[in-house]
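Enquirer: Next input, structure requested:
(one chain, ligands or ions: 1)
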Amino acid sequence: MQLTVHLDQYFGQFRIELQLCIKLRGIIGVFGTSGAGKTSLFRAIAGLNQSAPNQLSLIKLDGNTLEDSQKKVFVEAEHRNIGFVFQDSRLFNHLTVEQNLSLAIKISQRKEPLISYQDVVQGCGIEPLLTQSAEGLSAGQRQRVAIARALLGSPKLLLLDEPLAALDHDSRQHLVAFLNQVSELIPMLFISHSVSETLTLCDPLILLEGGRIKAIGSREQLAETLPKRRASAVVTEFDPETGKLCLDTIPDLLPEFKPGQRIGIVAEPSWLKSRELTRDD
Ligand SMILES: Nc1ncnc2c1ncn2[C@@H]1O[C@H](COP(=O)(O)OP(=O)(O)OP(=O)(O)O)[C@@H](O)[C@H]1O
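Expert: Residues are numbered from 1 along each chain as shown. Below you'll find the model as predicted:
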């Protein structure tokens, strides 16, 4: 299955100008600094931007033209069979998690989901949440439900825009393994700011810069061009009497904070060593 994208469009002052033709298999990483145009590219592929006249867009998926500005073709987002999960994914708050998932299956173009309901619920770790109202979910729980919902829609392509950003370490590990497994059935484009996450999950990679494609290549080819990973660590224990720290290195972790939870300090180990920590630190 092939994805073809030719774009020359303005988003405000920002110009996205790229030509992409890529075989969809597994998880393809989309990497670039903030403002490189990653989300804009996803929005265009998903059909969330009606391009203005005189702007160029050509999007083909699996031989079907989804958009062709010259021929005035524009398939609406709900008919593209492309799933997406953005950072601020919205659920139907007046429904339970289970109802949100059932709705996704109902409106999908398949009778049976490509990946079974049970597998998706288990893989996304949301079994205990099924009867809860979507309204009360934490950011991380919401993200997991949004991913489950997108998978149950059985899309031809799934666009994931920093889908793991709000998850704690364990949920993230669990979900990464599951996404890896199901990407055999549903290919994905995956945006992450985390170099380690990109290199663990994605192959090949598309590097964006200033609205243009800087490089496309295999993980091996491009790994060296990605910014070097900073060593980050979480202090899991600190004894103010002895000044002893117990460090756990977790790359690029964004913990999901809960009221009353003990929170570690994320910092360079060298910085920690060079400071005299007090209880307030
Ligand atoms: N609707 C819009 N109107 C005006 N400017 C826009 C619009 N959408 C995007 N932009 C601009 O386009 C540029 C690229 O934004 P985009 O969100 O695609 O970047 P990104 O690579 O996804 O960044 P991040 O990693 O921070 O999410 C930014 O300068 C942004 O301000």
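Enquirer: which residue ranges form the helices in the chain?
Expert: Along the chain, counting by DSSP state H, helices occupy 38-46, 97-107, 117-123, 139-152, 169-182, 195-201, 219-222, 269-273.
Enquirer: could you redo those as CSV and give each row distance to the ligand?
Expert: (C-beta placed from N, C-alpha, C; glycine too.) Shown next, in CSV, are the helices of the chain (distance: least, C-beta to the nearest ligand atom, whole Å):
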stretch, distance to the ligand
helix 38-46, 3
helix 97-107, 25
helix 117-123, 26
helix 139-152, 15
helix 169-182, 18
helix 195-201, 13
helix 219-222, 17
helix 269-273, 25
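Enquirer: Which residue, other than its chain neighbours, is closest to Pro227?
Expert: The shortest distance from Pro227 to any non-neighbouring residue, by C-beta to C-beta, 6 or more residues apart in numbering, is to Val195 (6.1 Å).
Enquirer: circling back to that earlier point, so which of the helices of the chain is the most packed in?
Expert: Among the helices of the chain, ranked by average contacts under mean count of other C-beta atoms under 10 Å, first place goes to helix 139-152 (a mean of 24).
Enquirer: In contact with Ala46, which residues?
Expert: 77, 80, 82, 84, 159 (C-beta atoms under 8 Å, 6 or more residues apart in numbering).
Enquirer: On the strand side of things, show who the closest residue to it other than its chain neighbours bridges to.
Expert: Once flanking residues are discounted, Ala46 sits nearest to Phe84: 4.9 Å by C-beta to C-beta, 6+ apart. Going by DSSP bridges, Phe84 is paired in beta bridges with Leu159.
Enquirer: And Phe84, how close does it get to Thr198?
Expert: Phe84 is 18 Å from Thr198, where distance means C-beta to C-beta, to the nearest Å.
Enquirer: Leu137 now?
Expert: Distance from Leu137 to Thr198, by C-beta to C-beta: 26 Å.
Enquirer: And Val85, by the same measure?
Expert: Counting by C-beta to C-beta, the gap from Val85 to Thr198 is 16 Å.
Enquirer: Could you tell me which residues make contact with Lys106?
Expert: Counting by C-beta under 8 Å, 6+ apart, Lys106 has no contacts.
Enquirer: pLDDT at it, what is it?
Expert: pLDDT recorded at Lys106 is 90.
Enquirer: what does the one 10 residues further on give?
Expert: Per-residue confidence for Ser116 comes out at a pLDDT of 95.
Enquirer: hmm, back to that, same list (the helices of the chain) but as TSV, adding distance to Asn64.
Expert: Putting the helices of the chain into TSV (distance: least, C-beta to C-beta, whole Å) gives the following:
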stretch	distance to Asn64
helix 38-46	13
helix 97-107	19
helix 117-123	25
helix 139-152	20
helix 169-182	23
helix 195-201	27
helix 219-222	29
helix 269-273	51
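Enquirer: weakest of those helices in terms of mean pLDDT?
Expert: Looking at the helices of the chain, the bottom one is helix 269-273 with a mean of 49.
Enquirer: And for the residue of the stretch 51-200 of the chain found nearest the ligand, nearest residue in space, chain neighbours not counted?
Expert: Proximity of the stretch 51-200 of the chain to the ligand (C-beta to the nearest ligand atom) peaks at His193, 6.3 Å away. Computed as C-beta to C-beta, 6+ apart, the closest residue to His193 that is not its neighbour in sequence is Glu162, at 6.6 Å.
Enquirer: For that neighbour, give me its contacts.
Expert: Contacts here follow C-beta under 8 Å, 6+ apart; on that basis Glu162 touches 87, 191-193.
Enquirer: Over to Arg149?
Expert: 91, 100-101, 103-104.
Enquirer: How about the residues of the chain by the ligand?
Expert: 11-12, 14, 32, 34-40 (C-beta under 6 Å from any ligand atom).
Enquirer: Ile28 and Pro187, how far apart?
Expert: 7 Å.
Enquirer: tell me, what's touching those two both at once?
Expert: When C-beta under 8 Å, 6+ apart defines a contact, no residue borders Ile28 and Pro187 alike.
Enquirer: What's the local residue count around Asp203?
Expert: 19 (other C-beta atoms under 10 Å).
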